[in-house]
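Participant: just to be clear, the model below is a prediction. Sequence and coordinates:
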Amino acid sequence: MIHQYKLGGYNIVVDVYSGSVHAVDELAYDAIALIDAGHPRAEAEDLLAKKYAGHPEVSAADISDCFDDIDELTAAGKLFAPDAYEDKAFEFKKRSTVVKALCLHVAHTCNLNCHYCFAAQGKFHGESGLMSFETGKRALDFLVEHSGSRHNLEVDFFGGEPLMNFEVCKQLVAYARSIEKQAGKNFRFTLTTNGIGITDEVIEWANRECYNVVLSLDGRKEVNDRFRKDLAGNGSYDRIVPKFQKLVKARGDKNYYMRGTFTHYNTDFTNDLFHMADDLGFTELSMEPVVSAAGSPEALTEADLPVLFDQYELLAKDMLRREKAGKPITFYHYMIDLAHGPCIYKRISGCGSGTEYMAVTPWGDLYPCHQFVGDPDYKLGNVWDGVTNTALRDEFKLCNVYARPDCADCWARLYCAGGCAANALHATGDIHGVYEYGCKLFRKRIECALMLKVAEAMDPELAGASLSAEASAGGQACSEDCTGCE
Amino acid sequence: MKHILSLDTRDMAKSVENGGCGECQTSCQSACKTSCGIANQPCEKAENN
């Protein structure tokens, strides 16, 4: 399976099963389309010769060379590669089950009252509560006991707002550090926070102990404060931005993300990203489409889609401009490592929810991930007894990209691994379904991400970018009608 | 090649043999929390190619 598209002045061909990405000229673009449509080479050559009959710059030798290139790549397994992985997907069930990541809900309460929050103001449609040190300690022990030979163990302090239980967060990190060497493990902590509770002590602790911090900010003040209000209804922007800036400045080169949510009210979300970059000085950015019930006023609509597609393209082109200017920004969904990225097992099996990754409630109950917390049908067990609902765990083990019939014809299936099980459940009632709206946005993001890689490989102004190429030639850096960088 | 530039990409077929160690980050732990994308997860094995 291949996917062809044009973006940013480039002709791009994605070979789904080999993972190859090709930048091609017009002639090769048309030739590949003809082969993909089922035409034998001789027939395709004739069709191409007719199409380019009025183009004296395209000779018969050019057309022949073009098909030679295609044949060479096909023989090398980089074009029209067959799907050879389906059996591997289901072999995964036979592999030993390990747990390597926990989302610790240390606080099912929050000091903000964001209307769009999927966690329902931190309580996940249940009781409010804080995780005790004993429960958290048991969760860390559970993780170590079930992690097999995995060395890197990930623990996310989540909520609600985790800093409402900061003392327990500190105690849990101290406990983890006290056992990790003897256990042969390396704990990687992430803090996801709304910023209200950030203090100098939190900054020092988070920057010392946390591998990553995720800082929630929706962008422009009026956008952020539309939803991110405190319990009295006051916007949070003015209180959190200075704290985020102080934390990030002190963080040096350690990982962080400014993580925003966009809704129907701010489909021009690039303005929020650019505000965070240009006005606030943040460079590591993430912006997610709201997960909201259809029909709610903030929910994204079908009519929003073309606007959102344009926004993603605008963002990609602006990121190229910034890179050329020596002031790059990172957008989480455009990060893609083609040469050293995930192996085929990761690309098939996805996020690992319900198997490698689980969420732990303040009371020690286990769920497949944070988005399932509060749904009694999806309770897996608890940190004392382990996974007792093994049938549910096995269902998640098999919930790979090949288990989703709707993904069969999707070119992006090995970039998302079938997508988010929680989103699928909420959209279709089945974890094996797909959240089609999210798929449409995802495919556009991957098209943009790949275009950025092609640009880095082909645009001389981006020389020094990390990509190397096997050969040179092909398409043009920019088409004459492209105005994206203006 | 005159007409096609192939970017340097990981050999998916080869990764059947050398992949699957499971040390890489869990997707949702990083930044999104409400969607799944695995393409941006770096491989932890330095010798992955």
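Facilitator: Okay, I see it. Just so we're clear, the structure is a prediction, and the values are computed from it rather than from any experiment.
Participant: pretty sure residue A:6 is touching residue A:23, no?
Facilitator: No. Using C-beta atoms under 8 Å as the test, residue A:6 is too far from residue A:23 to be in contact (10.9 Å). No exception for glycine: its C-beta is placed from N, CA and C like everyone else's.
Participant: so for the two, which residue has more residues nearby?
Facilitator: A direct count of neighbours by other C-beta atoms under 10 Å in any protein chain shown for residue A:6 and residue A:23 places residue A:23 higher, at 25 against 14.
Participant: under the pLDDT cut-off, which ranges of the chain? List them.
Facilitator: This is for chain A. A:92-96, A:463-486 (pLDDT under 70).
Participant: that's the wrong chain, I wanted chain B
Facilitator: B:27, B:29-32, B:34-36, B:46-49.
Participant: please redo it, this time with the cut-off set to 90
Facilitator: B:1-2, B:11, B:13-49 (pLDDT under 90).
Participant: where does it get nearest to chain A, residue-wise?
Facilitator: residue B:19 (2.5 Å; C-beta to the nearest C-beta).
Participant: ok, and the closest non-adjacent residue to that residue?
Facilitator: In space, residue B:19 comes closest to residue A:343 once its chain neighbours are excluded; the distance is 2.5 Å by C-beta to C-beta, 6 or more residues apart in numbering or on different chains.
Participant: I'd assumed residue B:22 was in contact with the one you found.
Facilitator: No. At 9.7 Å, residue A:343 and residue B:22 do not qualify as touching, with contact defined as C-beta under 8 Å.
Participant: how many neighbours does residue 40 have?
Facilitator: Defaulting to chain A. For residue A:40, using other C-beta under 10 Å, the count is 9.
Participant: sorry, should have said chain B
Facilitator: 24.
Participant: now do the contacts for it.
Facilitator: Taking C-beta atoms under 8 Å, 6 or more residues apart in numbering or on different chains, we find residue B:40 in contact with A:332-333, A:335-337, A:341, A:449, B:30.
Participant: next, it: phi, psi?
Facilitator: Main-chain torsions, residue B:40, degrees, to the nearest 10: phi -90, psi 10.
Participant: pick out the residue of the stretch 101-250 of chain A closest to chain B.
Facilitator: For the stretch 101-250 of chain A, C-beta to the nearest C-beta, closest residue to chain B: residue A:101, 4.0 Å.
Participant: what segments of the stretch 301-450 of chain A are strands?
Facilitator: Here the stretch 301-450 of chain A has its strands, by DSSP state E, counting those that start in this stretch, at A:330-331, A:357-360, A:365-367, A:381-382, A:386-387.
Participant: want to throw those into JSON lines with mean neighbour count and distance to chain B?
Facilitator: Formatted as JSON lines, these follow (neighbours: other C-beta atoms under 10 Å in any protein chain shown; distance: least, C-beta to the nearest C-beta, whole Å):
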{"stretch": "strand A:330-331", "mean neighbour count": "20", "distance to chain B": "10"}
{"stretch": "strand A:357-360", "mean neighbour count": "27", "distance to chain B": "5"}
{"stretch": "strand A:365-367", "mean neighbour count": "24", "distance to chain B": "13"}
{"stretch": "strand A:381-382", "mean neighbour count": "19", "distance to chain B": "19"}
{"stretch": "strand A:386-387", "mean neighbour count": "17", "distance to chain B": "17"}
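Participant: among these, which is nearest residue A:66?
Facilitator: For the strands of the stretch 301-450 of chain A, proximity to residue A:66 was assessed by C-beta to C-beta; strand A:330-331 is nearest, at 34.4 Å.
Participant: for the closest one, name the packing helices and strands.
Facilitator: When contacts are defined as 3 or more C-beta pairs under 8 Å, 6 or more residues apart in numbering or on different chains; DSSP states H and E, strand A:330-331 packs onto strand A:284-289.
Participant: in contact with the closest residue to residue A:368 other than its chain neighbours, which residues?
Facilitator: Excluding the flanking residues, the one nearest residue A:368 by C-beta to C-beta, 6+ apart is residue A:354, at 3.3 Å. Residue A:354 sits next to A:368-369, A:380, A:392-393, A:395-397, A:399, A:421 when contact means C-beta under 8 Å, 6+ apart.
Participant: what is the nearest of those residues to residue A:218?
Facilitator: For the contacts of residue A:354, the nearest to residue A:218 is residue A:369 (22.6 Å; C-beta to C-beta).
Participant: what separation is there between that closest one and chain B?
Facilitator: 6 Å (C-beta to the nearest C-beta, to the nearest Å).
Participant: excluding sequence neighbours, find me the nearest residue to that residue.
Facilitator: residue A:353 (4.0 Å).
Participant: residues near that neighbour, how many?
Facilitator: Count around residue A:353 with other C-beta under 10 Å applied: 27.
Participant: roughly how far does the residue nearest to residue A:29 when sequence neighbours are not counted sit from residue A:180?
Facilitator: Take residue A:29 and drop its neighbours on the chain: the residue closest to it by C-beta to C-beta, 6+ apart is residue A:11, 4.3 Å away. Counting by C-beta to C-beta, to the nearest Å, the separation of residue A:11 from residue A:180 is 49 Å.
Participant: the more surrounded of the two?
Facilitator: residue A:11 (24 against 16).
Participant: element containing the more buried one, please.
Facilitator: Assessed by DSSP states H and E, residue A:11 sits inside strand A:10-15.
Participant: next one: residue A:71
Facilitator: Residue A:71 belongs to helix A:60-75, assigned by DSSP H and E.
Participant: only alpha carbons, please: show that helix as PDB.
Facilitator: What follows is helix A:60-75 as a C-alpha-only set of coordinates in PDB (Å, rounded to 0.1, in the frame of the first residue of the first chain):
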ATOM      1  CA  ALA A  60      11.300   8.600 -23.700                       C
ATOM      2  CA  ALA A  61      14.600   7.900 -21.900                       C
ATOM      3  CA  ASP A  62      13.300  10.000 -18.900                       C
ATOM      4  CA  ILE A  63      10.200   7.900 -18.700                       C
ATOM      5  CA  SER A  64      12.200   4.700 -19.000                       C
ATOM      6  CA  ASP A  65      14.600   5.900 -16.200                       C
ATOM      7  CA  CYS A  66      11.600   6.700 -14.100                       C
ATOM      8  CA  PHE A  67      10.300   3.200 -14.200                       C
ATOM      9  CA  ASP A  68      13.700   1.800 -13.700                       C
ATOM     10  CA  ASP A  69      13.800   3.800 -10.400                       C
ATOM     11  CA  ILE A  70      10.500   2.400  -9.400                       C
ATOM     12  CA  ASP A  71      11.500  -1.200 -10.200                       C
ATOM     13  CA  GLU A  72      14.700  -0.800  -8.200                       C
ATOM     14  CA  LEU A  73      12.900   0.500  -5.200                       C
ATOM     15  CA  THR A  74      10.300  -2.200  -5.500                       C
ATOM     16  CA  ALA A  75      12.900  -4.900  -5.700                       C
END
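Participant: what about that helix, near chain B?
Facilitator: Yes. Judged by C-beta under 8 Å from any C-beta of the partner chain, helix A:60-75 comes into contact with chain B through A:62, A:65-66, A:69-70, A:72-73.
Participant: and what of stretch A:49-58?
Facilitator: No. Using C-beta under 8 Å from any C-beta, stretch A:49-58 stays clear of chain B, with a minimum separation of 10.7 Å.
Participant: centroid-wise, who is the farthest residue in chain A?
Facilitator: Relative to the centre of chain A, and counting by C-alpha atoms, centre = their mean, the farthest-placed residue is residue A:56 at 45.7 Å.
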